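The following comprises the amino acid sequence and a computationally predicted model.
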Protein chains: 2
Amino acid sequence: MYSNNIYKAIKRALVFAFGIVVVTAMISGARAVERVPGPQYDNQGQLKRTDGWRQWVFIGAPLTPNALNDGKAAFPEFHNVYIEPKAFAQYVKTGEFPNGTMIAKELLSVGETVAVSGNGYFQGEFQGLEFAVKDTERFPDEPGGWTYYSFGHALPYTNVAKAFPTEACAACHQAAAAEDMVFIQYYPILGDAKPK
Amino acid sequence: MYSNNIYKAIKRALVFAFGIVVVTAMISGARAVERVPGPQYDNQGQLKRTDGWRQWVFIGAPLTPNALNDGKAAFPEFHNVYIEPKAFAQYVKTGEFPNGTMIAKELLSVGETVAVSGNGYFQGEFQGLEFAVKDTERFPDEPGGWTYYSFGHALPYTNVAKAFPTEACAACHQAAAAEDMVFIQYYPILGDAKPK
């Protein structure tokens, strides 16, 4: 009887300790997506171009060429898409895009279409640079906190860019992107990086 | 007359000094391409797979789909091509690929072909990993010192790979690559990174 009480006390203590561990894990889980330093704005609220995007983490290169869209593709260029490394590291850890995430999309024309390897699509000239930025604190009214910017469609790119109106970019991203406004269904590298 | 001699002496001294500077620059130029640490081999001479290539510097994504090659493309997948960062840094500095350069080519199937952005090509599944390695010291008899390896055409990739016979890869690279066995004509990112 006496040993039975001790057993129950130990059991209760273990259940209590387990509860503490679970609650702590939930709280730290909720805090796991830490803001990353990233986007810089000028005093008119325009996004400053952050250089070095070609050394960010490449996530994919979708292509919707004119040849497949009756010569009227909305986006006829290769899209070289990169995510800023600190944001990528948070994504690898948490599976979520932290505030401060910058995704760069550099546009390159379709250049050569015939090579020793066959007929196809090869990257040609630099034709534009666009950024998507997530910041629910700065842009609480934008869908998912994402805003979209263009630094022009020719070299040299502009130094700063105004955010597009919400309907210009966010509408399609909201309707068709698989996850948090990002088309990760077309970025298997992101899918693979996501914690299982 | 006297001042004229001084003038000539100064001129000769300047020409000599200029010569020294030019010769020094030529010597240091010849030494500028420093070997980078990179490829590791097992005791049978097989190349060990170096992980982390998806965080190397992306240089391009050529695509020669089956749809454009009568269903018989030699390379029907997206090729995500990356260069190891220390080799890239040397290339930026010297315009040459140093010994130890590793270039990774990860193959991804064509996945979706219709999206909200139009008809096109979107990356699907991981379908292979190949490396090209430059090492004129280790492989003096291979064209340009380059050797080529495949870590298989399905996940998980193999840990080691044997070099392909020279004729399997090097022949096309030698015949059609714009520079030192690398198809930089299809990699505008490399072209832009090269010192002018």
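That came through fine.

Next SSE downstream of the longest strand belonging to chain A?
Longest strand in chain A, counting residues (DSSP state E): strand A:123-134. Sequence order places strand A:146-150 as the next helix or strand after strand A:123-134, per DSSP states H and E.

Show the average pLDDT along that next one.
Mean pLDDT, computed over strand A:146-150, is 98.

repeat for stretch A:159-167
96.

Is that stretch positioned near chain B?
No. Using CB under 8 Å from any CB of the partner chain, we find that stretch A:159-167 stays clear of chain B, coming within 14.3 Å at best. All C-beta atoms are positioned from the backbone trio N, CA, C, and that covers glycine.

buried stuff in that stretch?
Residues A:161, A:163, A:166 are the ones in stretch A:159-167 that count as buried (16 or more other CB atoms under 10 Å in any protein chain shown).

before we move on, back to that, please export the C-alpha coordinates of the longest strand of chain A as CSV.
Output of strand A:123-134 as CSV, limited to C-alpha atoms (Å, rounded to 0.1, in the frame of the first residue of the first chain):
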residue,chain,number,x,y,z
GLN,A,123,19.8,31.5,-70.9
GLY,A,124,20.5,34.7,-72.9
GLU,A,125,20.6,38.2,-71.5
PHE,A,126,19.8,39.7,-68.2
GLN,A,127,16.4,41.3,-68.5
GLY,A,128,15.1,42.2,-65.1
LEU,A,129,15.2,41.9,-61.4
GLU,A,130,12.2,41.6,-59.0
PHE,A,131,12.0,41.0,-55.3
ALA,A,132,9.3,39.6,-53.1
VAL,A,133,9.6,40.5,-49.4
LYS,A,134,7.7,39.1,-46.5
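
which one among the buried residues of stretch A:159-167 gets closest to chain B?
Nearest to chain B among these, counting by CB to the nearest CB, is residue A:166 at 16.3 Å.

ok, the closest one to residue A:44 distance?
19 Å (CB to CB, to the nearest Å).

Ok, residue A:143 next?
23 Å.

Please apply the same query to residue A:140.
Distance of residue A:140 to residue A:44, given as CB to CB: 20 Å.

Same question for residue A:137.
For residue A:137, the distance to residue A:44 - CB to CB - is 19 Å.

Please give me every residue in contact with residue A:119.
A:113, B:64, B:68, B:69 (CB atoms under 8 Å, 6 or more residues apart in numbering or on different chains).

Same question for residue A:175.
Counted by CB under 8 Å, 6+ apart, residue A:175 has contacts residue B:116.

how is chain A carved up into domains?
A:1-35, A:47-193 (automatic domain parsing).

any idea which of these is most buried?
Stretch with highest mean neighbour count among the domains of chain A: domain A:47-193 (a mean of 18; mean count of other CB atoms under 10 Å in any protein chain shown).

Format the domains of chain A as TSV; extra columns: distance to residue B:128.
Shown next, in TSV, are these (distance: least, CB to CB, whole Å):
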stretch	distance to residue B:128
domain A:1-35	33
domain A:47-193	13
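
Least reliable of those by average pLDDT, please.
Here the domains of chain A differ in mean pLDDT, and the lowest is domain A:1-35 at a mean of 64.

On the three-state scheme, the most centrally placed residue in chain A is what?
The structure's chain A has its C-alpha centroid closest to residue A:103; by CA atoms, centre = their mean the separation is 5.2 Å. What DSSP: H, G, I helix; E, B strand; the rest coil gives for residue A:103 is strand.

And it, how close does it get to chain B?
Per CB to the nearest CB, to the nearest Å, residue A:103 is found 14 Å from chain B.

what bridges to the nearest residue to that residue once chain neighbours are set aside?
Among residues not flanking residue A:103 along the chain, residue A:132 sits closest, at 4.5 Å (CB to CB, 6 or more residues apart in numbering or on different chains). Beta bridges link residue A:132 to residue A:103, residue A:148 when assigned by DSSP bridges.

ok, residue A:132 - contacts?
A:102, A:103, A:105, A:146, A:147, A:148, A:149, A:169, A:181, A:182.

Is it correct that the last one is in contact with residue A:96?
No. Residue A:182 sits out of contact with residue A:96 when judged by CB atoms under 8 Å, with a separation of 10.5 Å.

ok, how many other residues are close to the spatially closest residue to residue A:162 that is not a sequence neighbour?
In this structure, residue A:162 finds its nearest non-sequential neighbour in residue A:46, 5.5 Å apart by CB to CB, 6+ apart. The local packing of residue A:46 (other CB atoms under 10 Å in any protein chain shown) involves 16 other residues.
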